[in-house]
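*Asks:* The following comprises the amino acid sequence and a computationally predicted model.
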Amino acid sequence: KLVELFVDKGPAGQEVRYQYFHTVGDLMAGSYFRPIREWCEAHNLLSGGHLLLEESMLAHVVLYGDIMQCFREMDAPGIDILSCYPRFMPVHSPKLASSAMELTGNERVMSEPCPIHERFTLGHEPPPGKVRGHLNMLMAGGVTDFNNYLALNEFDQEGKVAINTYVGRVNLLLRGARTRADVGIIYPIESLWTRFTMEPLKVWDGLFRDPDVTGWDTIAGGSRAAVKVEQDFRNASRLMFNRRWEYSYLDSRALIDSRVEGDELVHGELRWKVLLLPSVSTLPLDAWNRLKEFMDAGGKVLAIGDLAENSDKHFPDTEVLDIADLISGSSDNTVYLPNWTGTAVDAVLNEWIDKPVQLSDEALPLRIAHRQKKGKDIFFIYNDSELTVRTSIKLETRSKLEEWDPVSGLIVPVSAETSIELLPYQGKVYRTR
């Protein structure tokens, strides 16, 4: 039956590929990463390190089976980013690691900021502003620790002190906090298993809607159906980042382990009001049943791309097809967008929930992270551009706030509706008192 890994013969092939790559995930997580973690625990150490090609979901299939399953077996899951220009950042990479970290109750995520791309293409490291922008994106994505490959050759001595002070101050405020996200994105690895058949490396014209994810870090091989799952996942993640919707990822295990409270899905300290399904066609039946329980309780579900079809037992599964009918049917709390656009997704979310940070001009290039720590809200707002930005903001909280400036070190009281000025690639932290 292993021929089905290479030649798709419909449902039979989907089932074989599901079973095969599920086994790969179990073996990689259970026989490699878990023994390392257990050895480290016995010797009073934390296990960590970065995984290879975490930028690409297609690589997740062939290298790990399931990268979130492997991240779960690390005390400090890690990534490496081989360009320090902000526009090349795969925004989902730090989020995958930090989401796994939060789901397992850990507190640390490592990244290797490494400007190897610039050293080979430009002959030097990025300028200071770009480096700060890169580090902003990592910290907003949940990175707490840096195994630094930056020599900071483009910084003078004062600049080196300033960038280290800036990162230290931001991290001091964010570390130990949990993502406060109303939106949970389902990590569609099982769907990718069923779609993945190895083909020669190619790029499918018209499929890559986001130019930021078509460069060196995109594996464009595999079947067209598999590439589509990856791109729906990556483009949805980029959309959430660009439009300032805070989010975290759930794998099928998290979905099964969660419970429904009111119209929210709850996992430890994490709570979601909306679940976004990017081409999620396949999940274990227990995960689909938890999703249905969430929907029945009034929880919001937004499906884009491919629709629910398979369980872990049947390809297709009639029970799952019934859930697909509920998602695509006429309902106040479900929406299905087969040929989705960013504008359409943004409109649905705006109808259902409030953004954690609202701007007087929503087109401005400000990005955010929203966390909670010991009952306090923490907002990290940063300028993702080379131009100074001035605007009015409204923070989604009723508590009194303080503005912490990691550049100057100044702390001033502010209201939830205030003005903000950010120099190029500068960030500020707002926290409730």
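*Replies:* Everything's here; your move.
*Asks:* quick one: Met240 and Val389, what's the gap?
*Replies:* Distance, Met240 to Val389, using Cβ to Cβ, to the nearest Å: 20 Å. For glycine as for every other residue, the C-beta is placed from the backbone atoms N, C-alpha and C.
*Asks:* Likewise for Asn147?
*Replies:* 31 Å.
*Asks:* So those two - more neighbours on which side?
*Replies:* Neighbours per residue, other Cβ atoms under 10 Å: of Asn147 and Val389, the larger number sits with Val389, 20 against 14.
*Asks:* Let me know whether that one touches Asn383 as I believe.
*Replies:* Yes: in this structure, Val389 is within contact of Asn383 by Cβ atoms under 8 Å, at 5.0 Å.
*Asks:* residues shared between the contacts of these two?
*Replies:* 365-366, 422 (Cβ atoms under 8 Å, 6 or more residues apart in numbering).
*Asks:* now those: which count as buried?
*Replies:* Burial of these was assessed by neighbour count (16 or more other Cβ atoms under 10 Å); the buried members are 366, 422.
*Asks:* Turn the shared contacts of Val389 and Asn383 into TSV, columns for pLDDT and secondary structure.
*Replies:* Converted to TSV, the shared contacts of Val389 and Asn383 look like this (pLDDT from 0 to 100; DSSP: H, G, I helix; E, B strand; the rest coil):
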residue	pLDDT	secondary structure
Pro365	97	coil
Leu366	98	strand
Leu422	97	strand
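*Asks:* Tell me the one among the shared contacts of Val389 and Asn383 nearest to Gly142.
*Replies:* Comparing the shared contacts of Val389 and Asn383 against Gly142 with Cβ to Cβ places Leu366 closest, at 18.5 Å.
*Asks:* For that closest one, give me its contacts.
*Replies:* So Leu366 contacts 244, 357, 359, 381-384, 389, 391, 422 (Cβ under 8 Å, 6+ apart).
*Asks:* Swap in 6 Å and give it another go.
*Replies:* Ile381 (Cβ atoms under 6 Å, 6 or more residues apart in numbering).
*Asks:* repeat for Pro413
*Replies:* Glu402.
*Asks:* in a strand, that's where it is, yeah?
*Replies:* Yes: assessed with DSSP: H, G, I helix; E, B strand; the rest coil, Pro413 lies in a strand.
*Asks:* Helices of the stretch 1-150 of the chain, start to end?
*Replies:* Taking DSSP state H, counting those that start in this stretch, the helices of the stretch 1-150 of the chain run over residues 11-28, 34-42, 57-64, 67-71, 92-103, 116-121, 128-140.
*Asks:* These: which one's closest to Glu230?
*Replies:* Across these, closest to Glu230 is helix 57-64 (Cβ to Cβ), at 4.3 Å.
*Asks:* how far off helix 11-28 does that closest one point, in degrees?
*Replies:* Interaxial angle, helix 57-64 versus helix 11-28 (axes from the mean of the first three to the mean of the last three Cα atoms, to 10 degrees): 60 degrees.
*Asks:* quick one: buried residues of helix 57-64?
*Replies:* Counting neighbours by 16+ other Cβ under 10 Å, helix 57-64 gives 57-64 as buried.
*Asks:* Stretch 372-381 now?
*Replies:* Neighbour-count burial for stretch 372-381 [16+ other Cβ under 10 Å]: 372-373, 377-381.
*Asks:* shaky segments in the stretch 201-350 of the chain?
*Replies:* Residues of the stretch 201-350 of the chain meeting the criterion pLDDT under 70: 201-222.
*Asks:* after whatever helix or strand Tyr249 lives in, next one along is what?
*Replies:* Per DSSP states H and E, Tyr249 falls inside strand 247-250. Scanning forward in sequence from strand 247-250 by DSSP H and E, the next helix or strand is helix 252-257.
*Asks:* got the contact list for that next one?
*Replies:* So helix 252-257 is in contact with 103, 267, 283-284, 286-287, 290, going by Cβ under 6 Å, 6+ apart.
*Asks:* again, only this time at 8 Å
*Replies:* Residues outside helix 252-257 that contact it (Cβ under 8 Å, 6+ apart) are 69, 72, 103, 186-187, 189-190, 265, 267, 283-284, 286-287, 290-291.
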